[in-house]
Every structure is written in structure tokens, then in C-alpha cells.
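K.L.:
only the shape, not the letters, is given here:
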């Protein structure tokens, strides 16, 4: 069985046995008088890895900001674990089990690696094995080697590992990665992909924004394409791999 067909099987199984973990319905959002999102609707199920795709400026970051409470939607609803969250503050949404690895990583320059992991530690997901600092170090041995280094003393790749580890230390139900491998060297980028594969195997629900479609096809169950603030396509990895015209139409630069 090919990797993309394995993804389909797992995705179908998740949908068959549960209600959506995250459900966005008819979302409209923007800044001031400028509307960015137009009636965006999609769902993510437990244990799925879903990508958010589209060229720059198509509304991906605005959608992420709206989901995590940084931007109040003008219209529509967001439900997480069957609870309405579209009027909640970001900290309340985080406490429900939504964690983000932000674009730019945003590591604290004056905290050590170990302090990052311990300061954010929480138990927001009672399913599966908890993400302790030791378990995070097992996934990212380089972070353990740098445990007493300050945030500003890490390389870009190490900061990205730390940002992922920091988010995992909250034991989230949904992990969001915004521009997961942006600006990383190819070898470090591959380490991040392997990390996502490990998290997927462990049953972590993930929404990821990235541009490396060929690699995303092997990691993700389903894909959502945004064009000018609208969902123009949703489907599984096998279908997207076969429909190359979508790559040219919506994803090529």
C-alpha cells in the first residue's frame, strides 16, 4: 500500500468514528474595512494531519489568526471539541488544547531551552502519552544538547525544534504549525518532516501551513487550498497528487 493510500485509510477511519475536533463554518474575517476570508468552511478530525495550502497573500495567516482567537470573525462560527470558540480570547482557546508553532518561531531570547519547555508545561490532552520535557528531548536530541542555551544562542533549525517542543509541552489536542519549515536548510527541513511523521504516528492532530507540497503529500491525510480568502479545493493526498493542474492553478509561484 502506498503512503498516500495509507493516509486516505487513516483519514476515513477518523471521520467514521468521531465528530470533528475543529469545525469552521462560513467564516468571514478581515482587518478594518478590508475583508480577507470569505465563507471559509472545513473540518479537522481527531488524529488527522491536514494542510492549509495557497500562495502568499491568499488568507492562510488570517485564517490561523482567527482560529486561535487573535482576530474576531466578522461572521461564521468556529467549534473546537464541539464548543464554540469564535468569541473566546486566545488564552482561553489555548487552555482548551489548541497550540501554535508561530511563523518566525518567537522563542524567548532570555530563556534557556529547558526553561521554555518547563514554563509552558500543561496537561490539556488526557489521551495518549504526555509530552514531558524528557520525551521532547528524545524526539529532538539536539535540544537536549542545548538544554542550557538561551533562545538567542540557537540556530534557526534549533529554534524551530524548540518552538515545536514548547507547543507540545502543553499537550495540545490540536497542534498548528504556521510555515513549518520556512527558511530552514534542506537537512534541517527533513528533520522537521520526520518529526511530523512521528507525531502523526503518535496520533497527534495537526494543521500545518507549508509550501513543500511534494513532502506534504507523504505526511498529511487531507489538504485545503485557499485562493483569495476562499476554500477552492479540499481532498486527500492521492487525489491532490493526481490532479497536477491544481498545483499549477493555485500553488505555483
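P.N.:
Okay, I see it. Keep in mind that this is a model prediction, so the values were computed, not measured.
K.L.:
what about the residue located most distally from the centre of the chain, distance to residue 74?
P.N.:
Distance from the C-alpha centroid of the chain peaks at residue 33, with 28.2 Å (CA atoms, centre = their mean). Applying CB to CB, to the nearest Å, the value for residue 33 to residue 74 is 11 Å. Every C-beta, even on glycine, is put in place using the N, C-alpha and C of the backbone.
K.L.:
cool, residue 130 as well?
P.N.:
38 Å.
K.L.:
contacts only, for residue 91.
P.N.:
Residue 91 sits next to no residue when contact means CB atoms under 8 Å, 6 or more residues apart in numbering.
K.L.:
what kind of secondary structure is it in?
P.N.:
Classification of residue 91 by DSSP: H, G, I helix; E, B strand; the rest coil places it in helix.
K.L.:
pLDDT wise, what is it at?
P.N.:
Looking at residue 91, its pLDDT reads 96.
K.L.:
renumber starting at 8 from here on
P.N.:
Taking 8 as the first residue, the last one we looked at is residue 98.
K.L.:
tell me how far it lies from residue 83.
P.N.:
Distance check for residue 98 against residue 83: by CB to CB, it reads 22 Å.
K.L.:
equivalent analysis for residue 45, please.
P.N.:
Applying CB to CB, the value for residue 45 to residue 83 is 10 Å.
K.L.:
now do the shared contacts for the two.
P.N.:
The contact sets of residue 45 and residue 83 overlap at residue 35 (CB under 8 Å, 6+ apart).
K.L.:
residue 213 bridge partners, please.
P.N.:
residue 56, residue 182 (DSSP bridges).
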